[in-house]
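Asker: need a structure here:
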Amino acid sequence: MKEGYKDSVLGEIPVVWKIEQLKNTSNQEKHSFIDGDWIESPYISDSGIRLIQTGNIGIGNFIDKNKKHISESSFIELKCKEVIEGDILICRLAAPVGRACIVPNLGTKNITSVDVTICRPNINVNKVYLINYLNFQPTLNRMENLSGGSTRQRINRTNLGKIEIPIPPLLEQQKIAEILSTLDAKIEIIDQQIAETQELKKGLMQQLLTKGIGHTEFKDSALGKIPKSWEVRVLREECERLNVGFVGACEKFYCEKGKGILMIRTGNLSNGKIRYTNLKYVTHEFHNKNIKSQIFEGDLLIARHGSSGQAVLVPKSFQESNCLNIIVIRPKSSLNSEFLKFQFNSNIIKEQVRKKTAGSTQGVVNTKEIASLKILYPTISEQNQIAEILSSVDDKLEVLSEKKTTYQELKQGLMQQLLTGKVRV
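Answerer: Next up, the predicted model:
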């Protein structure tokens with residue numbers, strides 16, 4: 001064993017570290033480690049004392065949404081426990097079980113629901129250190145292993161309280177907390193930049209897809225008021241290709257990555273991009289036989305179910321691929337593929353798709369319905385300009401997303417080192 005370390009129930013840790021059960025990290029006083037309150041619907045009101053629910057608890061962050069309240073008289077009648085700024089709230093429900101956050105200053109008097117445990121750490125435990133350890137993936141895994149439930153995973157407070165926590169000396173806890181908090185602050189700034197850029201894109205799409213660039217005269221159309229020089233056309237008339245990819249079971253054709261062709265599925269289409277997660281590959285024989293489901297650079301891929309109508313453009317230099325249960329569109333040269341993609345991902349087409357899938361129990365859109373969609377049709381020059389502007393915003397969002405991922409991975413790596421004592425500070 002390395003000098004200065006010892007064995008523990010959590011593995012090898014520094015000799016100066018202790019192991020405490022979670023319940024023993026709290027103040028030995030009333031309401032220091034206790035569940036929230038059972039609040040039935042008749043007690044819910046529009047104003048008064050804020051009810052913090054499980055949906056408000058993120059992995060290390062408070063999610064300020066779905067604001068519900070109870071009256072002061074209900075608070076007294078039900079003998080509710082008040083939640084104060086700085087309390088740690090631990091969600092006993094998935095997903096994931098055991099996620100926790102610190103209560104910020106909400107400007108209100110607060111309570112929380114019964115599936116949330118209130119934890120008030122004692123003076124020997126740094127709150128930020130503890131919140132990071134609770135949201136550490138190995139800790140969440142231990143909580144999940146102690147959970148039960150036939151329909152939804154839940155950990156009871158007794159088992160939650162028995163979770164072992166390594167407790168370094170207070171000064172070391174503080175240093176660990178400072179390092180991780182610095183990364184959290186950078187991630188929060190990036191989140192704000194992403195939100196602002198998303199708002200910018202939303203405004204630009206509304207402006208550019210209704211008023212175009214530099215137009216002063218407008219007319220009524222089947223898609224609302226549009227520039228006088230624009231047309232509204234039916235999608236199928238402006239496409240060289242519009243068909244659905246392979247439909248049916250193809251599991252028996254799956255093969256290893258290096259021995260086959262990439263098979264793009266609906267789950268690989270997300271936020272206007274092809275996502276390289278949970279990839280599947282099919283044999284060359286399958287690919288060569290199913291020519292109509294082959295996809296190429298510049299093709300537009302449309303999800304048929306899930307996020308019905310979501311459009312993703314196949315990027316440049318994309319590898320030879322096939323697709324499963326996805327509609328493939330190849331516009332004529334007079335219709336910019338990116339411009340069409342932005343229409344598909346705007347309310348102009350989303351609303352049409354919603355109406356066409358309204359009667360479908362699974363919300364599945366078919367090729368005939370897609371082919372009959374009405375689209376905006378400016379000159380190709382203006383299509384190119386609009387696509388270039390919106391694509392530049394998408395590029396910025398992609399850069400910010402990658403930057404956020406980098407910081408998140410850095411934090412995860414540091415947590416693995418700092419919260420296990422492998423690296424001392």
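Asker: going forward, measure contacts between C-alpha atoms and count neighbours the same way
Answerer: OK.
Asker: And for Glu369, the neighbour number?
Answerer: Counted with other CA atoms under 10 Å, the neighbours of Glu369 add up to 12.
Asker: can you pull out the helices in the stretch 151-300 of the chain?
Answerer: Secondary structure of the stretch 151-300 of the chain (DSSP state H, counting those that start in this stretch): helices at 157-161, 170-208, 284-289.
Asker: Now render these as a markdown table, adding distance to Val247, mean pLDDT and mean neighbour count.
Answerer: Shown next, in a markdown table, are those (distance: least, CA to CA, whole Å; pLDDT from 0 to 100; neighbours: other CA atoms under 10 Å):
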| stretch | distance to Val247 | mean pLDDT | mean neighbour count |
| --- | --- | --- | --- |
| helix 157-161 | 46 | 95 | 16 |
| helix 170-208 | 33 | 97 | 16 |
| helix 284-289 | 13 | 96 | 14 |
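Asker: Export these as CSV, with columns for distance to Gly4.
Answerer: Shown next, in CSV, are the helices of the stretch 151-300 of the chain (distance: least, CA to CA, whole Å):
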stretch, distance to Gly4
helix 157-161, 29
helix 170-208, 15
helix 284-289, 57
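Asker: for the stretch 1-150 of the chain, which spans come out with low pLDDT?
Answerer: Residues of the stretch 1-150 of the chain that meet the criterion pLDDT under 70 lie in 29-31.
Asker: where exactly do the strands run in it?
Answerer: Secondary structure of the stretch 1-150 of the chain by DSSP state E, counting those that start in this stretch: the strands cover 5-6, 13-14, 18-21, 33-35, 44-45, 49-52, 68-70, 88-91, 100-102, 110-112, 116-119.
Asker: Can you lay out the ones you listed as a markdown table showing mean neighbour count and distance to Asp191?
Answerer: Shown next, in a markdown table, are the strands of the stretch 1-150 of the chain (neighbours: other CA atoms under 10 Å; distance: least, CA to CA, whole Å):
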| stretch | mean neighbour count | distance to Asp191 |
| --- | --- | --- |
| strand 5-6 | 15 | 39 |
| strand 13-14 | 21 | 34 |
| strand 18-21 | 15 | 34 |
| strand 33-35 | 21 | 31 |
| strand 44-45 | 16 | 32 |
| strand 49-52 | 24 | 23 |
| strand 68-70 | 19 | 25 |
| strand 88-91 | 29 | 23 |
| strand 100-102 | 26 | 17 |
| strand 110-112 | 23 | 26 |
| strand 116-119 | 27 | 26 |
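Asker: hang on, the earlier thing: minimum distance to Ile386: which of the helices of the stretch 151-300 of the chain has it?
Answerer: helix 170-208 (6.6 Å; CA to CA).
Asker: one step back: I'd like the strands of the stretch 1-150 of the chain as TSV, with distance to Thr367 appended.
Answerer: Formatted as TSV, the strands of the stretch 1-150 of the chain follow (distance: least, CA to CA, whole Å):
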stretch	distance to Thr367
strand 5-6	64
strand 13-14	60
strand 18-21	58
strand 33-35	52
strand 44-45	46
strand 49-52	45
strand 68-70	43
strand 88-91	44
strand 100-102	45
strand 110-112	48
strand 116-119	47
